[in-house]
Structures are given as structure tokens and as C-alpha cells.
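Student: coords below, sequence missing:
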Ligand SMILES: NC(=O)c1ccc[n+]([C@@H]2O[C@H](COP(=O)([O-])OP(=O)(O)OC[C@H]3O[C@@H](n4cnc5c(N)ncnc54)[C@H](O)[C@@H]3O)[C@@H](O)[C@H]2O)c1
């Protein structure tokens, strides 16, 4: 038998997502009679204890009989059970200082830690992630903010909806004014934003036409890395080369600041990649963008006016384009920034189901194979010792 426990999220503030929904647990047990689930009760999980009970999944505070424990966020050190195999997002692989004590405890307690973030397909693409629903919520929030700012229309906040289906119902009959939206990126976040464009019937326009034309209806364009960056020396773009040497590329976004009302930013970014525009560009009269949904969300990162995270309850702040200071949002001359860092928590039931689907399809069988390379490559600690791939964390845990 394989006993799997779904742990309660204990990190503050409490996360409301879960690795498997009640229906997914039910489905797995039906098709894998050798597997059992136990769920630790939780008052803040997006699926209630009663929903698990109704699906025939037992609840128990005590998970000591489970070999595998599934969570989402980091587990507080004092809650870690010795000798268990844990899967969660540990945020330790970049030696994050705030998680050092947790990893030290994992090693002391002979725990095996498999990090979701390190589970990748053969081509290096990540198997698990919440980006799609971050994109959905981010795009919605960008549109909602623009509606509030201009007073032209109203949208309901996503977290007031029970789930994505209810959100889609709100879209029936929604009529948006003519507005121009730029979406950046081509990953899961971008896919989520495109979903919202499709649901609202916002029309795609190729970038070169978007730049010069005006439209009587809402439109969007998408800028992928190939359209955003050019190598300084020969004005070409090669994906492989860009990933290796992004500092050798210029960003070509600038013309779009004069032709765009809402920017939905979903690119991959690190500090070597040039920002989309500068503070000086922002202060110019021809800067047209009124709202930025910065889903990528790096403080002073790809968007210089990202002055830090906002929250689901208070998602938008204004930025004065001249003083560079944070202000109240929705003022006539502010640039309004939506910089929520945990967007999928606004649609936790759908985000959890999507996550669980990927986990079921691509990880579940691997977990039961003793020689799985996919699992091995994501195993940071095995029975209380760092694995070879993660040996580079030794100085971090021994500091
Ligand atoms: N605000 C939120 O709640 C939230 C939630 C999820 C993700 N995010 C952020 O959104 C951004 C995009 O996430 P995603 O899920 O779409 O990512 P993804 O992994 O699905 O896609 C990233 C894109 O960037 C490209 N890329 C990958 N490595 C790269 C490199 N080294 N250099 C340049 N490009 C590279 C990939 O080819 C892909 O097109 C990330 O910064 C992520 O942290 C934010």
C-alpha cells in the first residue's frame, strides 16, 4: 500500500490551495487500489473538510501512517515529520535565507524532499506550475483596474467568484470600450491572459498593425521574446543565445508605450534582461499606458514602476510618473500598478485542480518507480542527505 497524506498549509499567511482535489483523490484511489489518501483538516483550504469526507476521503490530524506527504508552500520546521517523503515548493534551491532552517531540519530528521519546481519534462520544461491561473487573474485584474480608473465599465473581483466557471458567467454580455492591450511573454502566464482575451472576444492584432492603427473595438497584441529583444551587434534574435546572454540584447518595447492603454506583463525576467522602459520614458507626454498588470512582478524589475507587491485585498497602487512616488490609485495622471504576487490564490479551486491534473498525469506513476529520473532530479534531500545534484547547497545548510 502507498499511504499519501495531504497536509494543512501552515505557512503564514495561509495558502488556500491543495495538491489534489477531493474528486482527484477519489479518481486516483479508484484506478490505483494500492493507494490511500488521508487529509489533515484545514479551515482555510479552498476545498472544505466536508467535501473530502463526502468524496470518501478520511480526515485525520495524525498523518504518521503516511509515507508521502503533499503540500504546496514551505512547511514550518517544527511541523516536519521525521523520515517522511515530502513534496512541496521549498524555495531552497537558490539558497533563500528564510528557508535555511527548514532545510537543515529536513536533513536532521532524515526526510526526503522532492521540490515541485524541479520536476521537469525531458526537454527541461517545468511539469508543475500555477502560471496559467496567474495569467487569467492578472488579465482580469488589469481590465478591472482600467474600468475603475476610467469609470467606463465594472467587473467583479475574481476572488468574489466561487470558481472560474462563475467568473466566465460574469463575462456574458460584458461590453468593453475600444482599448488597446499589450500582452508580453509566451509561457503559462501569457496563455492565461490569452484565455481571458478569448472569453471576452477581444480581437488579436499583429504587433506592427497594433502600433499604427486605431480601432473602434477592444484589441490586443502579444509580444514574445523574439519581438521584444534584439541582439545589439547584429539586430537578430536567437532564443538559445538570448537565454544565455540576455545582457547582449536591447529591448524593443518602447514604441508600444505610445500605443497602449493596458500592459499585461507575463515575461520571464532576471536582472540581466533590460527593462521594458525607463523612468525617463514614463515621464514623457507620449506615455499612454494607464494600467499595468505586472504579473511577472519583480520589484524594480522588467517594469521600473513596480515599487513592491500589492495584495489580493488591496491590489492596485498609483505611481506618480514624475516624482516616482507611490500614490493612491485611479487618479487622473497616475500610472496604476497591479502587482499581486499570489494571483492564483484568487482562483484556488481551479488552480488546485489544474495543478493536481499535471501531478496525476506526469508525476504520480514516477513517484512509485524506484528508479525514476524525473523524481530523482527533483529530489533535493534523500533520507536526510543532500543528493548529488543539490550538493551545492552544502555550504548553505552548514553555515
Ligand atoms: N504574480 C503571480 O502570482 C505569478 C504567478 C506565477 C508566475 N508568475 C511569474 O510570471 C512569470 C512568467 O511565468 P510563467 O509561468 O509564464 O513561466 P513559464 O516557465 O511558463 O514561461 C516562461 C517563458 O520564458 C521563457 N524563458 C525560460 N527561461 C528563460 C531564460 N533563462 N531567459 C529568458 N526566457 C526564458 C520560456 O521560454 C517561456 O516562454 C515568472 O516571472 C513567474 O515568476 C507570477
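Tutor: Here it is on my side, so go on. Because the structure is predicted, anything quoted here is derived from the model rather than measured.

Student: residues of stretch 30-49 that come out buried?
Tutor: By neighbour count on 16 or more other CB atoms under 10 Å, the buried set for stretch 30-49 is 35, 36, 37, 38, 39, 40, 42, 45, 46, 47, 49. From N, CA and C alone the C-beta is placed, and that goes for glycine too.

Student: Just the closest of the residues you listed to the ligand, please.
Tutor: Within the buried residues of stretch 30-49, the smallest distance to the ligand is 15.6 Å, found for residue 46 (CB to the nearest ligand atom).

Student: So whichever residue of the chain sits closest to the ligand versus residue 209, what's the distance?
Tutor: Of all residues in the chain, residue 187 sits closest to the ligand, at 2.0 Å by CB to the nearest ligand atom. Per CB to CB, to the nearest Å, residue 187 is found 24 Å from residue 209.

Student: what about residue 106, how many neighbours?
Tutor: 26 (other CB atoms under 10 Å).

Student: Also residue 123?
Tutor: For residue 123, using other CB under 10 Å, the count is 5.

Student: Which single helix of this protein contains the most residues?
Tutor: helix 131-150 (DSSP state H).

Student: So which elements touch that helix?
Tutor: helix 164-171, helix 188-199, strand 262-265, strand 291-294, strand 316-319, strand 335-338, helix 348-362 (3 or more CB pairs under 8 Å, 6 or more residues apart in numbering; DSSP states H and E).

Student: Out of those, flag the one nearest residue 306.
Tutor: strand 291-294 (5.1 Å; CB to CB).

Student: is that closest one anywhere near the ligand?
Tutor: No: Strand 291-294 stays out of contact with the ligand when judged by CB under 6 Å from any ligand atom, the minimum separation being 7.8 Å.

Student: same thing with stretch 252-268?
Tutor: Yes: applying CB under 6 Å from any ligand atom, one finds stretch 252-268 touching the ligand at 266, 268.

Student: model confidence over that stretch, on average?
Tutor: For stretch 252-268, the mean per-residue pLDDT is 98.

Student: Tell me the gap between it and the middle of its chain.
Tutor: Here stretch 252-268 is found 20 Å from its chain centre; the criterion is CA atoms, centre = their mean, to the nearest Å.

Student: buried residues in that stretch?
Tutor: Those would be 252-253, 256-257, 259-267, for stretch 252-268 by 16+ other CB under 10 Å.

Student: what does stretch 301-316 give?
Tutor: 301, 302, 303, 304, 305, 306, 307, 310, 312, 315, 316.

Student: Could you check how far the one residue sitting closest to the centre of the chain is from residue 351?
Tutor: Computing the C-alpha centroid of the chain and ranking residues by CA atoms, centre = their mean puts residue 131 first, at 3.8 Å. Distance, residue 131 to residue 351, by CB to CB: 10 Å.

Student: circling back: residue 187 and residue 209: which is more packed in?
Tutor: Higher neighbour count among residue 187 and residue 209: residue 187, with 19 against 11, using other CB under 10 Å.

Student: check contacts around the residue lying closest to the more buried one once chain neighbours are set aside.
Tutor: Sequence neighbours aside, residue 131 is the residue nearest to residue 187 in space, at 6.0 Å (criterion: CB to CB, 6 or more residues apart in numbering). Contact partners of residue 131, counting by CB atoms under 8 Å, 6 or more residues apart in numbering, are 187, 188, 189, 191, 192, 266.

Student: pLDDT value on the nearest residue to the fourth one once chain neighbours are set aside, please?
Tutor: Beyond its immediate neighbours in the sequence, the residue positioned closest to residue 191 (CB to CB, 6+ apart) is residue 132, lying 5.6 Å away. In the prediction, the pLDDT value recorded for residue 132 is 96.

Student: How many residues are close by residue 132?
Tutor: 23.

Student: wait, what's in contact with it?
Tutor: Taking CB under 8 Å, 6+ apart as the criterion, residue 132 is in contact with 188, 189, 191, 192, 195, 354.

Student: Show me which positions of the longest helix of the chain end up buried.
Tutor: Quick answer for helix 131-150 (16+ other CB under 10 Å): 131-149.

Student: That one near the ligand anywhere?
Tutor: Yes: Helix 131-150 reaches the ligand (CB under 6 Å from any ligand atom) through 131, 134.

Student: For residue 4, see how far away residue 66 is.
Tutor: 6 Å.

Student: Common neighbours of these two, please.
Tutor: Here residue 66 and residue 4 have residue 38 as joint contacts, going by CB under 8 Å, 6+ apart.

Student: and the helix or strand harbouring residue 69, which strands flank it?
Tutor: Following DSSP states H and E, one finds residue 69 within strand 68-70. If you go by DSSP bridges, strand 68-70 pairs up with strand 2-6 (parallel), strand 85-88 (parallel).

Student: So what's the model's average confidence on the last one?
Tutor: Meaning strand 85-88. Strand 85-88 shows a mean pLDDT of 98.
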